[in-house]
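Enquirer: A predicted structure for the sequence below; I have some questions about it.
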Amino acid sequence: MTDLFENPVGLNGFEFIEFSAPERGLLEPVFETMGFERVASHRSKDVDLWRQGGINIITNYEPRSAAWYFAREHGPSACGMGFRVRDAKKAYDYLLQQGAEPIQVETGAMELHIPGIRGIGNSIIYLVDRYDEGGNELSIYDIDFEYLPGVERHPEGCGFKLIDHLTHNVYGGRMAYWAGYYEKLFNFREIKYFDIKGEYTGLTSQALTAPDGKIRIPLNEEGKSGGGQIEEFLRQYNGEGIQHIALICDDLVACWDRLKAKGVPFMTAPPGSYYDMLDGRLPGHGEPIEELRTRGILLDGTTEGNEPRLLLQIFAEPQIGPVFFEFIQRKGDYKDGFGEGNFKALFESIERDQVNRGVLEAEGAK
Ligand SMILES: [Fe+2]
């Protein structure tokens with residue numbers, strides 16, 4: 001894939017997301033039920049690699065590491081992420097020139113030095129230039145990790161292939177700061193800015209895309225009225241950070257069945273009226289409504305010009321503190337949406353459901 005615009009550090013997608021927790025046993029069942037398998041352990045640190053398709057997850061329990069301190073402050077959390085770059089040393093030097101804060105990463109004997117900079121909420125962004133894009137290139141895990149004996153190194157899991165995007169929740173008034181951070185350091189650009197209003201609360205979201213077109217980071221800020229879900233997250237998490245991580249697959253209906261069989265707890269499905277209204281909202285979408293309805297899968301995108309460009313999505317309940325996962329499928333080269341149309345559609349469908357049940361009328365008659 002060619003770059004969308006100038007790519008000064010040679011970004012090329014997410015390499016991994018790093019998690020930590022105050023103790024073992026909190027993260028592992030969550031990853032297992034989503035289809036991840038532990039495939040390798042670090043040679044010298046209390047660090048494991050979990051994998052599914054092209055998605056790498058790191059769990060880090062190394063005492064007195066940045067991840068360890070992070071977990072003491074935030075509880076179970078996503079404490080870092082790795083960006084693939086063309087040349088890690090050059091990228092690091094460039095980022096420091098742009099004002100990034102350097103991070104000391106402890107490196108053992110014979111281990112790779114993976115440079116890092118300070119990211120959101122004291123997390124770390126690692127810069128990785130040895131990665132496997134499916135051609136069996138030597139990756140950081142081949143050098144610093146040991147694969148479990150006989151393990152399938154690239155398990156298919158539940159069928160998820162890549163990290164599509166991950167979002168940050170930021171404190172009120174901090175949107176511009178964090179947008180500026182990604183814009184100045186990595187030349188991210190804003191692709192969408194929108195307000196989402198529920199009945200009582202709302203949020204403002206700004207979607208940023210990296211020049212590689214692969215790393216996408218929407219930022220969320222609490223709406224003006226306050227008291228909503230972003231505020232609640234920030235309080236529970238003890239700060240700003242990664243709110244959710246979206247995993248992409250080629251067939252969400254089939255993958256949902258696998259997730260369900262493994263016991264992933266999904267967020268509450270929308271009322272039936274949401275599906276009754278789908279043909280009106282996205283005429284000619286061509287998706288099997290009953291298949292979506294029975295699973296609670298949401299649909300967004302556009303069917304303008306009779307060309308469906310669609311996002312299928314469903315969320316799991318938060319299981320890593322307030323952090324949660326999203327599962328998606330994109331159709332028709334629909335890259336720039338994150339399901340924002342569903343906020344309004346869900347709200348309207350709940351209202352219609354209330355009308356159907358006579359609740360709204362009853363309220364109005366009081
Ligand atoms: Fe998302």
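Expert: Good, I have the coordinates.

Enquirer: Tell me how many other residues surround the nearest residue to Gln98 once chain neighbours are set aside.
Expert: The shortest distance from Gln98 to any non-neighbouring residue, by CB to CB, 6 or more residues apart in numbering, is to Leu185 (5.1 Å). C-beta here means a position set from N, CA and C on the backbone, and glycine is covered the same way. A total of 21 residues lie near Leu185 under the criterion other CB atoms under 10 Å.

Enquirer: what about Leu185, distance to Arg216?
Expert: Leu185 is 16 Å from Arg216, where distance means CB to CB, to the nearest Å.

Enquirer: What are the phi and psi values at the residue in the stretch 151-300 of the chain that the ion sits nearest to?
Expert: Residue nearest to the ion within the stretch 151-300 of the chain: Ala246 (4.4 Å; CB to the ion). Phi and psi for Ala246, reported as degrees, to the nearest 10, are phi -100, psi 120.

Enquirer: Ends of stretch 158-176, what's the gap?
Expert: With CA to CA, to the nearest Å as the measure, stretch 158-176 spans 37 Å from end to end.

Enquirer: Pull out the buried positions in that stretch.
Expert: Buried positions in stretch 158-176, judged by neighbour count with 16 or more other CB atoms under 10 Å: 158-161, 163-171, 174-175.

Enquirer: Return the subset of those residues lying in helices.
Expert: Using DSSP state H, the members of the buried residues of stretch 158-176 that fall in helices are Met175.

Enquirer: Where do the domain boundaries of the chain fall?
Expert: 11-147, 160-357 (the TED database).

Enquirer: Pull the distance from the shortest one to the chain's centre.
Expert: From the chain centre to the centre of domain 11-147 is a distance of 15 Å (CA atoms, centre = their mean, to the nearest Å).

Enquirer: if I look at Leu127, how far off is the ion?
Expert: Separation of Leu127 from the ion (CB to the ion, to the nearest Å) stands at 24 Å.

Enquirer: One more: Tyr126?
Expert: Per CB to the ion, Tyr126 is found 22 Å from the ion.

Enquirer: A strand includes that residue, no?
Expert: Yes: looking at Tyr126 with DSSP: H, G, I helix; E, B strand; the rest coil, it is inside a strand.

Enquirer: from memory it sits against Arg118, does it?
Expert: No: under the criterion of CB atoms under 8 Å, Tyr126 makes no contact with Arg118, lying 11.4 Å away.

Enquirer: For these two, indicate the residue with more neighbours.
Expert: Tyr126 (24 against 15).

Enquirer: confidence score at the more buried one?
Expert: Turning to Tyr126, the model gives it a pLDDT of 97.

Enquirer: Just give me the residue right at the centre of this protein.
Expert: The centroid of the chain falls nearest to Ile245 when counting by CA atoms, centre = their mean (1.7 Å).

Enquirer: isn't that one right up against Leu166?
Expert: Yes: Ile245 lies in contact with Leu166 (CB under 8 Å); the separation is 4.5 Å.

Enquirer: hey, what's in contact with both of these two?
Expert: Listed contacts common to Ile245 and Leu166 are 17, 78; contacts here mean CB atoms under 8 Å, 6 or more residues apart in numbering.

Enquirer: Near the ion, which residues of the stretch 251-366 of the chain are found?
Expert: Counting by CB under 5 Å from the ion, the residues of the stretch 251-366 of the chain close to the ion are 326, 338.

Enquirer: the strands in the stretch 251-366 of the chain, which residues?
Expert: Assigned by DSSP state E, counting those that start in this stretch, the stretch 251-366 of the chain shows strands spanning 298-302, 309-315, 324-331.

Enquirer: so where's the stretch 1-150 of the chain shaky on pLDDT?
Expert: For the stretch 1-150 of the chain, applying pLDDT under 70 flags the ranges 1.

Enquirer: Please read the previous query as pertaining to the stretch 201-350 of the chain.
Expert: Residues of the stretch 201-350 of the chain that meet the criterion pLDDT under 70 lie in 201.
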